[in-house]
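Asks: Predicted coordinates and the sequence they were generated for:
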Amino acid sequence: MTVICRFAPSPTGRLHVGNVRTALMNWLFVRERGGKFILRIDDTDLERSTNEYEEGIKEDLGWLGLNWDHTFNQSHKFPAYEEAAKKLREAGRLYPCYETGEELDRQRKLQRVQGKPPVYNRAALELTDEQIKAYESEGRKPHWRFKLSGKTVKWNDMVRGEQSVDTSSLSDPVLIRGDGSFLYTLPSVVDDIDEKITHVIRGEDHVTNSGAQIEVFQALSDHLPIFAHTPLLVWKDGSPLSKRLGSLSMEELKEQGFEPLAICSLLAKIGTSDAIEVRSSMEALKDEFSFDKIGRAPARFSDDELLLLNGRLLHEMPYDDVKDHLESLNVGGGKDFWNLIRANISKVADAAGWSTVLYSPMPGRIEDEDRAFCIAAANCLPENISDETWGEWTATLKAEQGRKGKGLFMPLRRALTGRDRGPEMGQLLKLLGADKAKARLKGETA
Ligand code: GLU
């Protein structure tokens with residue numbers, strides 16, 4: 001069986017870590033199985049959907065490396081949804097309702113007072129032709145509900161195991177609004193049938209929805225995908241992500257300098273039995289992906305963890321992979337520079353600071369008690385600096401100046417870089433060159 005999955009965002013905003021995780025799960029599963037990944041743009045809500053958001057979503061997915069084999073827009077498929085609605089009407093599964101929003105609200109309030117669940121009472125099924133005519137002459141337009149069977153729907157979920165939804169506890173879902181527009185439920189099922197989707201992978205907020213949708217599938221065709229509902233993504237302290245989604249959009253994370261692979265690694269690993277580690281390719285993430293590894297608890301998203309993974313990714317990143325990015329930030333220095341500093345940064349932009357240290361004039365930072373020591377160090381630094389210079393030079397200083405450990409190395413590091421921590425000094429000294437090093441050790445700007 002060829003696996004066919006879809007990611008179905010609504011173009012009413014940019015992608016954030018929550019929906020990217022869903023996209024990623026679909027992508028990893030498909031690519032691992034050599035299947036087909038479809039990008040479905042759920043733009044039936046013509047008022048809220050925009051081309052800009054659609055383009056933004058495609059840009060974000062492209063940036064993340066989540067390539068698709070085929071894409072289409074639901075807004076181009078209204079005739080197919082009309083056709084399906086007709087079929088449901090003919091089968092007696094889609095019925096017109098004339099209640100206004102306020103009437104339904106009132107009904108629900110009454111049910112609550114009576115201690116009953118707020119399930120639609122199906123009064124519309126009892127309407128006589130005269131009542132319907134009366135409503136229509138008032139100018140009321142019907143919305144259309146799908147008639148659930150009242151039975152229990154069962155499926156074996158790839159993440160949650162045996163699932164059952166008692167449809168008698170649900171309101172018959174509205175499929176078509178009074179203005180004739182389609183809600184998400186029917187178009188989604190029609191497209192999943194048309195595209196022969198084999199696996200529907202989405203967040204667990206859709207579980208109840210799946211109970212109703214399975215009945216719509218069954219009313220329309222013999223095709224029924226396998227379902228996988230993944231636990232929700234929450235903030236690191238367990239609170240909902242909803243308030244932070246703006247700052248967790250791909251647009252924002254990209255702007256903040258996070259690498260797509262760090263984001264994908266984190267989103268692929270949190271909430272699974274795998275250790276949270278960064279992978280240097282989507283291939284590797286794909287090879288390790290399995291639904292068996294996904295737990296039932298919510299997956300916690302941590303910005304600190306993302307930063308950590310970003311750093312780890314950069315520590316291993318070859319120069320060729322970062323060259324263009326460095327150039328776009330106007331950070332020169334080349335391969336030797338990158339190899340020297342990459343273990344000391346969390347984001348590529350941090351390289352700019354090290355570039356300044358190495359290539360821009362900077363005064364040596366010297367504490368009063370280290371001044372004489374640094375001048376002595378400057379005086380015995382050879383003109384030609386090789387791989388061995390640092391070791392030999394500090395050994396000489398140790399013997400002549402009676403300093404060791406931190407007292408020996410820290411003043412040199414501070415004088416040469418202005419910082420207390422940083423890259424390996426042997427290579428740094430080589431890149432810095434003797435003239436600059438000597439001047440900085442004397443407290444001069446160089
Ligand atoms: N557009 C729907 C959503 O974003 C798609 C849900 C689904 O995967 O079926 O919630």
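Replies: Received it, and whenever you're ready, just let me know what you need. A quick note: this is a predicted structure, and the numbers were derived from the prediction, not measured.
Asks: what does the stretch 51-200 of the chain have sitting close to the ligand?
Replies: 184, 188 (CB under 6 Å from any ligand atom). Bear in mind the C-beta positions are built from the backbone N, C-alpha and C, glycine included.
Asks: try 5 Å
Replies: Neighbours of the ligand within the stretch 51-200 of the chain, by CB under 5 Å from any ligand atom: Ser188.
Asks: Minimum distance to the ligand, which residue of the stretch 51-200 of the chain gives it?
Replies: Across the stretch 51-200 of the chain, the shortest distance to the ligand (CB to the nearest ligand atom) belongs to Ser188, at 4.8 Å.
Asks: Hmm, that residue is touching Asp42, no?
Replies: Yes - using CB atoms under 8 Å, Ser188 makes contact with Asp42 at a distance of 7.3 Å.
Asks: Between those two, which is the more surrounded one?
Replies: For Ser188 versus Asp42, the count of surrounding residues by other CB atoms under 10 Å is larger for Ser188: 25 against 20.
Asks: Which helix or strand contains the more buried one?
Replies: Applying DSSP states H and E as the criterion places Ser188 in helix 185-194.
Asks: What lies in contact with that helix?
Replies: 6, 8, 40, 42, 44, 74, 77, 80-81, 84-85, 88, 146, 173, 175-176, 197, 200, 209, 212-213, 216-217, 220-221, 223, 225 (CB atoms under 8 Å, 6 or more residues apart in numbering).
Asks: Phe72: helix or strand, and which one exactly?
Replies: Per DSSP H and E: strand 70-73 holds Phe72.
Asks: what's that strand packed up against?
Replies: In terms of contacts (3 or more CB pairs under 8 Å, 6 or more residues apart in numbering; DSSP states H and E), strand 70-73 is packed against strand 36-41.
Asks: After the strand it packs on, which helix or strand is next?
Replies: helix 51-64.
Asks: any low-confidence regions in the stretch 1-150 of the chain?
Replies: Counting by pLDDT under 70, the stretch 1-150 of the chain contains no low-confidence residues.
Asks: where exactly do the helices run in it?
Replies: With DSSP state H, counting those that start in this stretch as the definition, the stretch 1-150 of the chain shows helices at residue ranges 17-33, 51-64, 78-90, 101-113, 129-137.
Asks: closest one to Leu358 among those?
Replies: helix 51-64 (30.0 Å; CB to CB).
Asks: can you pull the buried residues of the closest one?
Replies: 53-54, 56-58, 60-61, 64 (16 or more other CB atoms under 10 Å).
Asks: any chance of those residues in TSV, with distance to Met282 too?
Replies: Below are these laid out as TSV (distance: CB to CB, whole Å):
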residue	distance to Met282
Tyr53	24
Glu54	23
Gly56	21
Ile57	18
Lys58	17
Asp60	15
Leu61	12
Leu64	9
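Asks: What separation do you get for Ser273 and Glu288?
Replies: Remark: distance between Ser273 and Glu288 (CB to CB, to the nearest Å) = 11 Å.
Asks: err, Pro118, not the other one
Replies: Relative to Glu288, and taking CB to CB, Pro118 is found at 44 Å.
Asks: picking up where we left off before, now do the shared contacts for Ser188 and Asp42.
Replies: Residues touching both Ser188 and Asp42 by CB under 8 Å, 6+ apart: Ala8.
Asks: Could you pull out the helices in the stretch 151-300 of the chain for me?
Replies: So, for the stretch 151-300 of the chain - with DSSP H, counting those that start in this stretch - the helices run 185-194, 207-220, 250-255, 260-269, 282-288.
Asks: Identify all contacting residues around the last one.
Replies: In other words, helix 282-288. Under CB under 8 Å, 6+ apart, the answer for helix 282-288 is 28, 31-32, 65, 261, 264-265, 268, 274, 279.
Asks: if we go to 10 Å?
Replies: 24, 27-33, 64-67, 260-261, 264-265, 267-269, 272, 274, 277-279, 281 (CB atoms under 10 Å, 6 or more residues apart in numbering).
Asks: Highest mean neighbour count out of the helices of the stretch 1-150 of the chain?
Replies: Mean neighbour count (mean count of other CB atoms under 10 Å) peaks for helix 17-33 among the helices of the stretch 1-150 of the chain, with a mean of 23.
Asks: got the contact list for the residue in the stretch 151-300 of the chain that the ligand sits nearest to?
Replies: The stretch 151-300 of the chain approaches the ligand most closely through Arg202 (3.8 Å), counting by CB to the nearest ligand atom. Contacts for Arg202 were tallied using CB under 10 Å, 6+ apart; they are 5-8, 19, 22, 25-26, 188, 209-210, 227-230.
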